[in-house]
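Student: Any chance you can model this:
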Amino acid sequence: MDRSGNPVTRFIDRWPGVSLARRMMLAAALWGLVVLIGGALALSALYRAQTLSLLEEDLEQTLVTLTREMTQEGAFLEDGQVTDAEREFLSHDARFQTQYSGQYWAVVSLTPDLAIQGDLRSKSLWDEPVPVTSEQIRRAVAEPGMAQFADFDGPAEQRVRVAAKAIILENRDTPLVLVAAADRTPNDAAATRFRSMLLGTMIALFGGVFAAMVAGIRFSLQPLKRIEHDIADIRAGTRQTLREGYPIEVRPLTEELNKLIGHNRDVVERARTHVGNLAHALKTPIAVLRNEAKGETQLDDVVRRQTESMHANVEHYLKRARMAARAETLGARTDVTPVVEALARLLNRLFDAKGINVSVMGDTGAVFRGEKQDFEEMIGNLMDNACKWAKADVLVRISDAPQELVIDVEDDGPGLSPVEREGALKRGVRLDETIPGTGLGLSIVTELAGLHKGRLELDQSAQGGLRARLRFPKS
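Tutor: Here you go, the predicted model:
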């Protein structure tokens, strides 16, 4: 069948982001409900038809018995009058002796135009009209000896099933119509109870089957969960490849993923090698030019300035290339606290004469998903910058939240205005020429944080100085 003709498929495809497990559960639930409820309704209809068939068989048996008793001695004269009004057929059956018992019979004589002329009846029918319609009489007369069935609103507001059969006697010009009727209310009530019980049973069965199906689906999809966890471990750096032992259906996928991961590592390693070779190839000619331009001529001065510019650009772009290569490495991870504490100890020694105290606080188990060298580059630039501008204190706060890693570097220096914060992130901008530096620190941190899906934010710290915040998402 075409997908467009499948209502369940069209219904599920409206939500493309729904998980495979939920798709399977939803499809199975819809089809299961259709099949079980449809089956329950079909079985209840079959049961109702069977009970009605049994009721009709009982009515036909009553007609047979009534015919046999009548043929033993005529009950009607040729003019249609009753020969013996005291005569009672089927007197041995107590059901026909109790008023409005729900079981009735009657023998009807007809005029030539098929109107009812007279009748014999069971005591149970009392003085109620014979439960037969003119249409049913016409059908019975048209097919003598064949029982014709119909429903009728009978005595005591009972819904009765009526069987009528015409018989032809030798001494009569018009046939007699034998009528047997029975209250069908108990049969209908039994069918209704059966349907309710069947629906309840089917719903309970569906619940059990659906629960088993959910458990089966979850068990069957466990290998995909294992793949998800293995990939997360690889990104976190706790694994190098996906585990073995997967089912045969997903084994080709895991093998291809392992090959892809290995290829990624090979590409990164080749990129690092090429960057190193390029750096060596460029640095040597630049160094030669710088050494040769030691004179005092104008040409020497131009060569020195241009080689210095070339050297700075080469260092910058080679550093960016190395950072980009490291950032693409799967599985790299760095413990944050040991790196920050080591840098704090180093800066405390370097800025001891200035009276700067660098302190570290926060989560000790935080992990940065990247190379240690990249993290040292970022946090080292921020901490060094804070120490240059601080009056006395620099605080590094580490927050390992469920969704992201946040590192704040705060100082008690003069801080920056909103306009100065925006300009400080641009490459080569120096807000104070008296402070040593190239103006590349914050821009390098911004670029490197972006390569690791993070960002750098500048704001005012609680100590009055600058707060530099690094954010790295966990996903």
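
Student: got a pLDDT number for Ala232?
Tutor: Listed pLDDT for Ala232 reads 78.

Student: Please confirm that Arg467 is located within a helix.
Tutor: No. Per DSSP: H, G, I helix; E, B strand; the rest coil, Arg467 lies outside any helix segment and is strand.

Student: which residues touch it?
Tutor: Asp408, Val409, Glu410, Leu458, Asp459, Gln460, Ser461 (Cβ atoms under 8 Å, 6 or more residues apart in numbering). Heads up, the C-betas are built off the backbone N, CA and C, glycines and all.

Student: what helices or strands is the helix or strand hosting the first one leaning on?
Tutor: Right, Asp408. Assigned by DSSP states H and E, Asp408 belongs to strand 404-411. Where contact means 3 or more Cβ pairs under 8 Å, 6 or more residues apart in numbering; DSSP states H and E, strand 404-411 is packed against helix 336-350, helix 372-389, strand 393-400, strand 466-473.

Student: Val302 is nearest to which of these?
Tutor: Of all the helices and strands packed on strand 404-411, helix 372-389 sits nearest to Val302, with 32.0 Å by Cβ to Cβ.

Student: could I get that closest one in PDB with only the CA atoms?
Tutor: Below are the C-alpha coordinates for helix 372-389, written out as PDB (Å, rounded to 0.1, in the frame of the first residue of the first chain):
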ATOM      1  CA  LYS A 372      44.500  20.900  28.000                       C
ATOM      2  CA  GLN A 373      46.600  23.300  25.900                       C
ATOM      3  CA  ASP A 374      43.400  25.100  24.600                       C
ATOM      4  CA  PHE A 375      42.000  25.400  28.100                       C
ATOM      5  CA  GLU A 376      45.300  26.700  29.500                       C
ATOM      6  CA  GLU A 377      45.400  29.200  26.600                       C
ATOM      7  CA  MET A 378      41.900  30.600  27.400                       C
ATOM      8  CA  ILE A 379      41.900  30.600  31.200                       C
ATOM      9  CA  GLY A 380      45.600  31.700  31.300                       C
ATOM     10  CA  ASN A 381      44.800  34.800  29.100                       C
ATOM     11  CA  LEU A 382      41.900  35.800  31.300                       C
ATOM     12  CA  MET A 383      43.700  35.300  34.600                       C
ATOM     13  CA  ASP A 384      46.800  37.100  33.400                       C
ATOM     14  CA  ASN A 385      44.700  40.000  32.200                       C
ATOM     15  CA  ALA A 386      42.900  40.200  35.500                       C
ATOM     16  CA  CYS A 387      46.200  40.200  37.400                       C
ATOM     17  CA  LYS A 388      47.500  43.100  35.300                       C
ATOM     18  CA  TRP A 389      44.400  45.300  36.100                       C
END
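
Student: helices or strands next to it in the packing?
Tutor: Helix 372-389 packs on helix 298-327, helix 336-350, strand 393-400, strand 404-411, helix 441-451, strand 466-473, going by 3+ Cβ pairs under 8 Å, 6+ apart.

Student: Point out where this protein drops to low pLDDT.
Tutor: 1-18, 71-92, 236-237, 272, 274-276, 279-280, 313, 316-332, 426-441, 475 (pLDDT under 70).

Student: What segments of it are strands?
Tutor: 103-110, 116-121, 148-153, 159-167, 176-183, 334-335, 357-362, 367-368, 393-400, 404-411, 455-460, 466-473 (DSSP state E).

Student: could those be laid out in JSON lines, adding distance to Ala204?
Tutor: Shown next, in JSON lines, are the strands of the chain (distance: least, Cβ to Cβ, whole Å):
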{"stretch": "strand 103-110", "distance to Ala204": "38"}
{"stretch": "strand 116-121", "distance to Ala204": "48"}
{"stretch": "strand 148-153", "distance to Ala204": "34"}
{"stretch": "strand 159-167", "distance to Ala204": "32"}
{"stretch": "strand 176-183", "distance to Ala204": "33"}
{"stretch": "strand 334-335", "distance to Ala204": "55"}
{"stretch": "strand 357-362", "distance to Ala204": "55"}
{"stretch": "strand 367-368", "distance to Ala204": "50"}
{"stretch": "strand 393-400", "distance to Ala204": "49"}
{"stretch": "strand 404-411", "distance to Ala204": "48"}
{"stretch": "strand 455-460", "distance to Ala204": "55"}
{"stretch": "strand 466-473", "distance to Ala204": "47"}
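
Student: Which of these sits closest to Arg239?
Tutor: Closest among these, using Cβ to Cβ: strand 367-368, at 14.1 Å.

Student: and Ser220, which of the helices and strands packed on helix 372-389 is closest to it?
Tutor: Using Cβ to Cβ, the helices and strands packed on helix 372-389 put strand 466-473 closest to Ser220, at 31.6 Å.

Student: the domain parsing of this protein - what is it?
Tutor: Using automatic domain parsing, the domain ranges for the chain come out as 3-46+190-222, 69-186, 262-327, 334-473.

Student: Columns distance to Val250 on top of these, output as TSV?
Tutor: Shown next, in TSV, are the domains of the chain (distance: least, Cβ to Cβ, whole Å):
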stretch	distance to Val250
domain 3-46+190-222	10
domain 69-186	60
domain 262-327	19
domain 334-473	26
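
Student: Which of these sits closest to Asp233?
Tutor: domain 334-473 (11.7 Å).

Student: excluding its backbone neighbours, what's nearest Pro144?
Tutor: Once flanking residues are discounted, Pro144 sits nearest to Ala166: 4.6 Å by Cβ to Cβ, 6 or more residues apart in numbering.

Student: Please tabulate the helices and strands packed on strand 404-411 in CSV and include distance to Ala115 as additional columns.
Tutor: Shown next, in CSV, are those (distance: least, Cβ to Cβ, whole Å):
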stretch, distance to Ala115
helix 336-350, 106
helix 372-389, 108
strand 393-400, 100
strand 466-473, 94
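
Student: Indicate which one of these is closest to Val419.
Tutor: Minimum separation from Val419 across the helices and strands packed on strand 404-411 (Cβ to Cβ) falls at strand 466-473, 13.7 Å.

Student: Would you mind putting the CA coordinates of the closest one into PDB?
Tutor: Output in PDB follows, covering the C-alpha atoms of strand 466-473 (Å, rounded to 0.1, in the frame of the first residue of the first chain):
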ATOM      1  CA  LEU A 466      35.800  43.200  35.400                       C
ATOM      2  CA  ARG A 467      34.100  39.800  35.300                       C
ATOM      3  CA  ALA A 468      35.100  37.600  32.400                       C
ATOM      4  CA  ARG A 469      32.800  34.600  32.100                       C
ATOM      5  CA  LEU A 470      33.500  31.500  29.900                       C
ATOM      6  CA  ARG A 471      30.500  29.200  29.100                       C
ATOM      7  CA  PHE A 472      30.800  25.800  27.600                       C
ATOM      8  CA  PRO A 473      27.700  23.700  26.900                       C
END
